[in-house]
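Q: 3D, please:
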Amino acid sequence: MIVVDEAKKEELAVVLEEAGVVGYTEISRAVGMGLTGPRLGSRAFPRTSAVVFTILPPAALDALREKIRAFCAHCGERLKMVAWDVEEVEL
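A: Prediction:
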């Protein structure tokens with residue numbers, strides 16, 4: 001899961017493609033509070049975030065992590081990236 005400033009989500013999509021991510025789900029205009037302050041989509045606090053979910057094998061996660069670090073270092077963007085184990089449920 002990656003949380004990114006809404007204004008940077010297109011740039012993040014390029015990073016995901018470069019890292020070999022072939023699929024993801026995005027939740028746009030996410031609101032909340034964090035270290036960067038309120039992101040409420042309001043007149044007083046107009047910024048919002050996008051939340052991007054993808055499922056990757058462990059080796060691909062390492063490659064994505066390095067691409068994300070390079071992206072942050074290059075543009076000064078501060079992203080939040082969280083990884084946890086998942087299990088696909090066969091139906």
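Q: ok, which stretches of the protein are helices?
A: Counting by DSSP state H, the segments of the chain that form helices are 9-18, 58-75.
Q: Extract the C-alpha set from the first one and format it as PDB.
A: Yep, that's helix 9-18 we're talking about. Taking Å, rounded to 0.1, in the frame of the first residue of the first chain, the C-alpha atoms of helix 9-18 are listed here in PDB:
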ATOM      1  CA  LYS A   9      -0.100  10.000  -8.400                       C
ATOM      2  CA  GLU A  10       0.600  10.200 -12.100                       C
ATOM      3  CA  GLU A  11       4.300  10.300 -11.400                       C
ATOM      4  CA  LEU A  12       3.900   7.400  -9.100                       C
ATOM      5  CA  ALA A  13       2.100   5.400 -11.900                       C
ATOM      6  CA  VAL A  14       5.300   5.800 -14.000                       C
ATOM      7  CA  VAL A  15       7.400   4.600 -11.100                       C
ATOM      8  CA  LEU A  16       5.100   1.500 -10.700                       C
ATOM      9  CA  GLU A  17       5.400   0.700 -14.400                       C
ATOM     10  CA  GLU A  18       9.200   1.100 -14.300                       C
END
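Q: OK, contacts around residue 33?
A: residue 39 (CB atoms under 8 Å, 6 or more residues apart in numbering). The C-beta positions use only the backbone N, C-alpha and C, and glycine is treated the same way.
Q: Dig out what it forms beta bridges with.
A: residue 38 (DSSP bridges).
Q: mind checking pLDDT for it?
A: The score at residue 33 is 92. That number is its pLDDT.
Q: Since that was my last question, I'll sign off now.
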